[in-house]
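>>> can't give you the sequence, but here's the structure:
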């Protein structure tokens, strides 16, 4: 039996566990909420002795490596190259990590998302660019990483962005992360855009796609075979999908795939890849969620756990030992959750995040050998383990009877009656708000506002049927779901109907602008953060030349008429103050989406303010930019929808 003898003692003495509701928190300084988290994307080294992640250093995020045991060991902290965002981190061996970077760069008349990989040595701090001699759009596809300490990985990448030139279709390379030296091991094939490898480092599958016909195919070669053959085809116009494996089971032709069941929810299945025949179901989706992602063993031979889209969050461990550890954690942290973030190679050491929807929490190191849980750091030093404003899931009916799930945050210590109210639609729109710590919602609640975050139709996490209910409804029923959430909170007596504002980012910024256009009498004001004012195919999928037609189809299914539901074309209907906030370093929604809206609003004589933040990206990963964001929000709301 797994022994976790000290967990309860450790957590009680650090303030995580709670038996009674907390006293109403004082009005915290804005900088407390703006503080960058100590670490994001935390990964433990294969030997379980070090942590790599995006660490907060001097108010900015840096790719860093720290020792978990030796305080004297040099801390490696490498700045993310200017104009890029780090999207993932991974250990190659105990001395080297790799990181994926994305930038938005001009290519002739368009802007393309361009991806690259860097390697960092934890002993020297040396950064090595991997395959940066290639000039393609995507040169960041890591297929395989060794588990025996070697430094050679498999990567796929394009040599050019031009489809009429040799090298457009990605080849596979063996790359040494310490030197950058590489050699080609699989030649690119016509229309094959992605490759995958098994646990031995053998490329086993390729995924072809033809944008002009929206058709795809799966190429496969069996264990010990040399020739790839097409084993499956799909017509994406007909919503067909490939059974592409995410794991090749050792010793044969079986693999694990994800696909929808007959209810439209994603589950996991074992398939004979050579014949495409389903063998058995490995994981069935739960009624309240579906598979969001999977957790594999370090050698990628076994499925350890499943992350689900249930709004309560969490991981369902399929590995018995990890399931037992998780059960012990769950008992030890009443009023919070303990999530295993990362595992050592032998799964005896791990990083554990303990937090709650009303508390940023802490990151811990756990060693199965002695059953102790040791705190590495608070996620937010200024808030610590304080429980702030309570958060809960609610459900309401949209006007057509569809049930909508939402996250409701209530100001702590306040009688929830007739309070000033903020509705905060999420981005995406293919996204989901869950029961997790949200520093925007907690900041607003600390200032006295009720906050509702509705998962309107078209949100992910509730199955394919719910997702597709958003098709053709952008600016229509999707927006009505947000409106109906406002009316529901008002009907509950929680919100004052005369003190309602709408605030959102990215697609949520679009919904904020469109909300005051579609419902001019409902809101007192709106804030659009990195919002989309002029809808078009490129928004959120800038110039992905490889799948441009596919993305165009996806967006066109959301609305038959981009012009008719673009806020910039309906400025005459805006009657309340609008604030636009946008970072100039945003590589997801272009800064011009806000600057053009601002110019048009000014020209029309409409009440508008524009906060352009010079170094901010889409996610406000600099502390200074978060302070500017929250300061602007607080000032604007204080003038147009003041709290009590």
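Nice, I can see it. Every value quoted in this text rests on a predicted model; they were computed, and no experiment measured them.
>>> Any buried residues in stretch 560-580, and which?
Going by neighbour count (16 or more other Cβ atoms under 10 Å), the buried part of stretch 560-580 is 562, 565-571, 574, 576-580. Every C-beta, even on glycine, is put in place using the N, C-alpha and C of the backbone.
>>> can I get these in a markdown table with secondary structure and distance to residue 148?
Below are the buried residues of stretch 560-580 laid out as a markdown table (DSSP: H, G, I helix; E, B strand; the rest coil; distance: Cβ to Cβ, whole Å):
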| residue | secondary structure | distance to residue 148 |
| --- | --- | --- |
| 562 | coil | 52 |
| 565 | helix | 54 |
| 566 | coil | 54 |
| 567 | helix | 55 |
| 568 | helix | 56 |
| 569 | helix | 59 |
| 570 | coil | 60 |
| 571 | helix | 61 |
| 574 | coil | 62 |
| 576 | coil | 62 |
| 577 | coil | 61 |
| 578 | strand | 58 |
| 579 | strand | 55 |
| 580 | strand | 53 |
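>>> Identify the farthest-apart pair in those.
Spanning the widest gap among those are 562 and 577, at 26.0 Å by Cβ to Cβ.
>>> about what we covered before: can you add distance to residue 590 and give the buried residues of stretch 560-580 back as a markdown table?
A markdown table is the format used below for those (distance: Cβ to Cβ, whole Å):
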| residue | distance to residue 590 |
| --- | --- |
| 562 | 16 |
| 565 | 19 |
| 566 | 14 |
| 567 | 15 |
| 568 | 13 |
| 569 | 17 |
| 570 | 20 |
| 571 | 19 |
| 574 | 21 |
| 576 | 25 |
| 577 | 24 |
| 578 | 19 |
| 579 | 19 |
| 580 | 13 |
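>>> Show me which of those has the smallest pLDDT value.
For these, the weakest pLDDT value sits at residue 562, with 87.
>>> Can you tell me the closest non-neighbouring residue to it?
residue 535 (4.3 Å; Cβ to Cβ, 6 or more residues apart in numbering).
>>> now the one you found: how far from residue 593?
10 Å (Cβ to Cβ, to the nearest Å).
>>> The nearest residue to residue 519 once chain neighbours are set aside: neighbour count?
Take residue 519 and drop its neighbours on the chain: the residue closest to it by Cβ to Cβ, 6+ apart is residue 483, 5.5 Å away. Here the number of neighbours of residue 483 (other Cβ atoms under 10 Å) works out to 20.
>>> three-state assignment of residue 483?
Following DSSP: H, G, I helix; E, B strand; the rest coil, residue 483 is assigned to helix.
>>> and if you look at the one 5 residues further on?
Residue 488 carries the three-state label helix when classified by three-state DSSP.
>>> need the contact list for it.
By Cβ atoms under 8 Å, 6 or more residues apart in numbering, the residues touching residue 488 are 394, 396-397.
>>> of those residues, buried ones?
394, 396.
>>> picking up where we left off before, can you tell me how far the residue nearest to residue 562 is from residue 207?
Distance of residue 535 to residue 207, computed by Cβ to Cβ: 29 Å.
>>> So for those two, which residue has more residues nearby?
When neighbours are counted by other Cβ under 10 Å, residue 535 comes out ahead of the other of residue 535 and residue 207, with 25 against 17.
>>> Could you double-check that that one lies in contact with residue 566?
Yes: applying Cβ atoms under 8 Å as the test, residue 535 and residue 566 come out as touching, 4.7 Å apart.
>>> Regarding the residue nearest the centre of the chain, what is its secondary structure?
The chain has residue 431 as the residue nearest its centroid, 8.5 Å off, counting by Cα atoms, centre = their mean. With three-state DSSP as the basis, residue 431 sits in coil.
>>> Hmm, it is touching residue 462, no?
No: the criterion here is Cβ under 8 Å, and residue 431 misses it with residue 462 at 11.6 Å.
>>> what are the ranges of the helices in the chain?
7-13, 30-34, 320-332, 439-446, 464-468, 477-491, 507-518, 548-558, 592-603, 623-640 (DSSP state H).
>>> Those: which one's closest to residue 95?
Nearest to residue 95 among these is helix 320-332 (26.4 Å), distances taken as Cβ to Cβ.
>>> And the average pLDDT for the closest one is what?
Mean pLDDT, computed over helix 320-332, is 92.
>>> so what secondary structure elements neighbour that helix?
helix 7-13, strand 315-317, strand 337-343 (3 or more Cβ pairs under 8 Å, 6 or more residues apart in numbering; DSSP states H and E).
>>> Residue 139: which of the buried residues of stretch 560-580 is nearest?
Closest to residue 139 out of the buried residues of stretch 560-580 is residue 562 (31.6 Å), distances taken as Cβ to Cβ.
>>> Against residue 532, how distant is the closest one?
The gap separating residue 562 from residue 532 is 10 Å, by Cβ to Cβ.
>>> Report the beta-bridge partner residues of the residue lying closest to residue 79 once chain neighbours are set aside.
Using Cβ to Cβ, 6+ apart and skipping the chain neighbours, the partner closest in space to residue 79 is residue 62 (5.5 Å). Beta-bridge partners recorded for residue 62 (DSSP bridges): residue 55, residue 79.
>>> burial of residue 62, as a residue count?
Residues near residue 62, counting by other Cβ under 10 Å: 17.
>>> so who does it touch?
So residue 62 contacts 54-55, 77-80 (Cβ under 8 Å, 6+ apart).
>>> Repeat that for residue 339.
Residue 339 makes contact with 313-315, 352-355, according to Cβ under 8 Å, 6+ apart.
>>> Sketch out the low-pLDDT regions of the stretch 501-644 of the chain for me.
Within the stretch 501-644 of the chain, the stretches with pLDDT under 70 are 537-548.
>>> one more time with 50
For the stretch 501-644 of the chain, residues meeting the criterion pLDDT under 50 lie at 537-543.
>>> ditto for the stretch 1-150 of the chain
1-14, 17-21.
>>> Which parts of the stretch 301-450 of the chain are strands?
Taking DSSP state E, counting those that start in this stretch to define them, one finds strands in the stretch 301-450 of the chain at 303-308, 315-317, 337-343, 349-356, 359-367, 372-378, 391-397, 403-409, 419-423, 450-455.
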